[in-house]
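J.: fold the following.
(one chain, ligands or ions: 2)
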Amino acid sequence: MKVSVPATSANLGPGFDCLGLAISMKNQVIIRPSKFHSVSLKGEGSNNPALKDNNMFISIFNDFYHNLSHKKRFFRFEFQNEIPLSRGLGSSSAVIVSAIASAYAIEGIKLEKDKLLNLALAYESHPDNITPAVMGGFNVACVQENEVKYIRKEIPKTLKAVVVVPNRAISTQLSRKTLPFKYSKEDTIFNISHSSLLTAAFMAEDWDMLKLASNDQVHQKYRMKQMPELFDVQKTALKEGALMSTLSGSGSTLFSMAHTDDSKNLEKALKLRFPHFRVFTVDFDNTGVRIEI
Ligand SMILES: Nc1ncnc2c1ncn2[C@@H]1O[C@H](COP(=O)(O)OP(=O)(O)O)[C@@H](O)[C@H]1O
Ligand SMILES: N[C@@H](CCOP(=O)(O)O)C(=O)O
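T.: Ligands and ions are numbered 1, 2, ... in the order given. Next up is the predicted model:
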């Protein structure tokens with residue numbers, strides 16, 4: 001059985017904790033019955049001993065599997081990770097979603113995507129990551145009475161994501177602690193108006209509106225101060241053809257969106273100016289979690 005989950009870019013500037021989209025960098029796990037428990041890791045995080053000894057996937061999978069099954073079975077888990085850890089590309093959401101989906105699938109129990117999303121919410125309280133990870137595409141989401149309410153839109157194939165991934169990991173939990181406790185009325189109104197405009201721009205496919213609409217006053221400047229070079233990355237991306245350029249989730253990745261025809265130049269310019277960072281041009285993902293039995 002194989003489960004794959006895409007990376008995500010959350011917030012998209014002003015849409016703090018409510019806007020997010022899925023991009024085609026995937027974490028995949030293949031699970032096979034085995035005589036004993038074993039794990040193999042390839043790709044991102046494969047040299048991180050914590051992922052072998054105390055793997056978040058295995059512990060969430062076990063929580064669900066033991067509730068769903070009365071049999072004592074052992075498995076071999078083969079992970080192939082494309083999502084860099086703690087870089088704001090939703091690595092933890094991908095793990096949570098794939099672990100829950102795998103526990104149901106291995107028991108042959110059908111799990112609707114809406115139910116999966118709400119089960120994942122217990123592990124990741126902000127819905128801007130888990131919703132695109134499950135559903136794919138661009139999503140506006142909010143939580144009401146422990147349920148995610150969302151509206152989703154496909155992202156056209158004529159657009160690409162260009163992501164700049166710094167070497168430095170930033171934990172989402174710690175990054176949230178750098179944010180102010182209270183915001184002014186001006187900043188609040190600024191973000192509500194820009195986030196609404198950004199959502200409307202995605203829905204109407206009005207890509208020229210993204211540059212203006214993706215401005216934010218509530219989180220990026222506080223977080224990017226921890227790594228000031230990110231301001232240069234953002235400025236360079238916007239100068240070199242990006243339709244928008246925002247801190248991805250809690251960082252440290254900078255996410256940009258571009259027309260396919262402009263994306264190669266953008267990637268080249270970013271690689272030239274920031275040779276010490278990894279730069280990837282990838283498609284958007286409109287599928288979300290994928291399960292193959
Ligand atoms: N492939 C993975 N396998 C197991 N655990 C992972 C994996 N990727 C991420 N994690 C867990 O998620 C944590 C990172 O979560 P977080 O700080 O929210 O980063 P991100 O912004 O990438 O979601 C890691 O410290 C690790 O515990
Ligand atoms: N809205 C959250 C999103 C966190 O995304 P991640 O990919 O960094 O986990 C936040 O901004 O804290």
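J.: dump the residue contacts of residue 46.
T.: Applying CB atoms under 8 Å, 6 or more residues apart in numbering, one finds that residue 46 lies in contact with residue 81. The C-beta positions use only the backbone N, C-alpha and C, and glycine is treated the same way.
J.: give me the three-state assignment for it.
T.: coil (DSSP: H, G, I helix; E, B strand; the rest coil).
J.: okay, it: pLDDT?
T.: Looking at residue 46, its pLDDT is 91.
J.: next: residue 70.
T.: According to the model, residue 70 scores 83 on pLDDT.
J.: how many residues are close by it?
T.: By the measure other CB atoms under 10 Å, the count of residues near residue 70 is 6.
J.: average pLDDT for stretch 180-194?
T.: 98.
J.: distance between stretch 63-70 and the chain's centre?
T.: 27 Å (CA atoms, centre = their mean, to the nearest Å).
J.: what does stretch 275-287 give?
T.: 12 Å.
J.: how about stretch 59-78?
T.: For stretch 59-78, the distance to the chain centre is 25 Å (CA atoms, centre = their mean).
J.: in that stretch, which residues are buried?
T.: 60-61, 64-65, 75, 77-78 (16 or more other CB atoms under 10 Å).
J.: which of those residues fall in helices?
T.: The helices, defined by DSSP state H, take in 60-61, 64-65 from the buried residues of stretch 59-78.
J.: closest to ligand 2 out of those?
T.: Distance to ligand 2 across those (CB to the nearest ligand atom) is lowest for residue 60, with 15.6 Å.
J.: check the buried residues of stretch 59-78 and tell me the two furthest apart.
T.: With CB to CB as the measure, no two of the buried residues of stretch 59-78 lie farther apart than 64 and 78, at 19.1 Å.
J.: which residues of the chain lie near ligand 1?
T.: 27, 45, 51, 55-57, 81, 85-93, 95, 171-172, 249-250 (CB under 6 Å from any ligand atom).
J.: restrict the residues you listed to contacts with ligand 2.
T.: Answer for these near ligand 2 (CB under 6 Å from any ligand atom): 88-90, 92, 172, 249-250.
J.: can you pull out the strands in the stretch 51-200 of the chain?
T.: 74-81, 138-144, 147-153, 159-165 (DSSP state E, counting those that start in this stretch).
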